[in-house]
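> Pasting a predicted model and its sequence here:
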Amino acid sequence: MFSRILSRVGLFAAPLLALVMAGCSKEELTVRQSTMDPKGPVAQVQFDVFMDTVWLVVVLFTLVGGLLVFAVIKFRSRPGDENKPAIVEDGHGNPLIEIGLITASIGALVVIAIPTLSAIWYTDDVPAEAVPASKLSAWYPRVEGGRENYAKTVEEQVLEVDVIGKQWWFRFEYPQLGLTNDAKHSVPNELVIPKGKAVRINLRSEDVIHSFWVPKIAGKVDLMPGRKNHMWIQADQTGHYYGQCAEFCGD
Ligand SMILES: [Cu+2]
């Protein structure tokens, strides 16, 4: 009996599993824009929250699905059941099970809430522990007595980049380095940051709603007209990371 059920389940499950696994190959994960291939602490923390949730859901799915399969098999109709009354008398159920399920649900929410909330706090702004290594003086070549010698107050700051959303493109400005709003110094579409250093990103829009997104570095954050927004990013490896606006911002 069980082997027949198993073979039937396998008939559907095996191709489905193969299909799912095909989407999980390492090559699929290393495309230009992939949240499954984090290359910095912000993307890593967000990916970890995702995986925490996935594993919890896998456990819940197995429990609930397993109970369902168990009930379907155990309480299936058997030969001779035709003589039994079709409608079973209603009962209140088992209060212990009900309370247990409510408690377990709350427990599952708490288990998800802890990494989620800590990730929200962590990704909000450059964390205190990352600031010492990310000061401008730590990475920007300081030419003694030369014109590149920035004021001490500036060197103590974390590198900030202003990201300005435009329709179909982004403009990047580096105010501390004097690379600001003019045709010569603001940079379209290509953001350059030092490796392994936290960078604070100030987001604003000059037209419509945009969403700044470099999947391997950090999750998307919206740029709202008339509002300031911020995020921080860090790339732990040298390389080119592709991103895009995650809002349709034309027309
Ligand atoms: Cu846009």
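Here it is on my side, so go on.
> need the helices for the stretch 51-200 of the chain, in chain order.
95-124, 131-134, 136-139, 152-155 (DSSP state H, counting those that start in this stretch).
> which one of those helices lies closest to the ion?
helix 95-124 (20.9 Å; CB to the ion). Any C-beta I mention is one placed from the backbone N, CA and C, and that applies to glycine too.
> How many neighbouring residues does the residue in the stretch 51-200 of the chain positioned nearest to the ion have?
Across the stretch 51-200 of the chain, no residue is closer to the ion than Gly165, which sits at 5.2 Å (CB to the ion). For Gly165, the neighbour count with other CB atoms under 10 Å is 26.
> repeat for Glu247
So Glu247, with other CB under 10 Å, has 17 neighbours.
> Low-confidence ranges, the chain, go.
1-11, 15, 18-29, 85-88, 140-149, 182-186 (pLDDT under 70).
> ok, which residues in it are in contact with the ion?
Neighbours of the ion within the chain, by CB under 5 Å from the ion: His210, Cys245, Cys249.
> Tell me what the nearest residue in space to the residue of the stretch 51-200 of the chain closest to the ion that is not next to it in sequence is bridged to.
Among residues not flanking Gly165 along the chain, His210 sits closest, at 3.2 Å (CB to CB, 6 or more residues apart in numbering). Beta-bridge pairing for His210 (DSSP bridges): Leu223.
> for His210, what are its contacts?
Gly165, Lys166, Phe170, Asp222, Leu223, Cys245, Glu247, Cys249 (CB atoms under 8 Å, 6 or more residues apart in numbering).
> Okay, and the residue positioned nearest the centre of the chain sits in which element?
For the chain, the residue nearest the mean C-alpha position is Gln46 (3.9 Å; CA atoms, centre = their mean). Secondary structure assignment for Gln46, by DSSP states H and E: helix 41-74.
> How about Gln237?
Per DSSP H and E, there is no helix or strand for Gln237.
> Count the residues that sit near it.
Neighbourhood size, Gln237 [other CB under 10 Å]: 10.
> close enough to count as contact, it and Lys195?
Yes: taking CB atoms under 8 Å as the definition, Gln237 is a contact partner of Lys195 at 6.9 Å.
> Tell me the buried residues in the helix holding Gln46?
Pro41, Val42, Ala43, Gln44, Val45, Gln46, Phe47, Val49, Phe50, Asp52 (16 or more other CB atoms under 10 Å).
> measure the fifth one to Asp52 for me?
Same thing as Val45. 11 Å (CB to CB, to the nearest Å).
> for the second one, same thing?
Look at Val42 and Asp52: by CB to CB, they are 16 Å apart.
> And for the third one?
Taking CB to CB as the criterion, Ala43 is separated from Asp52 by 15 Å.
> Repeat that for His92.
Distance from His92 to Asp52, by CB to CB: 36 Å.
> Glu82 too?
Glu82 is 49 Å from Asp52, by CB to CB.
> Gly40 now?
Distance from Gly40 to Asp52, by CB to CB: 19 Å.
> and the residue of the stretch 1-150 of the chain nearest the ion?
Gln33 (15.1 Å).
> tell me the domain boundaries of this structure?
2-76+97-124, 132-245 (automatic domain parsing).
> Number of residues surrounding Pro194?
Neighbour tally, Pro194, other CB under 10 Å: 17.
> and the residue nearest to it when sequence neighbours are not counted, how many neighbours does it have?
Distance criterion CB to CB, 6+ apart; nearest residue to Pro194, sequence neighbours excluded, is Trp139 at 4.5 Å. Residues within reach of Trp139, counting by other CB under 10 Å, total 15.
> So Trp139 is in contact with Lys197, correct?
Yes: in this structure Trp139 lies within contact range of Lys197 using CB under 8 Å: 5.6 Å.
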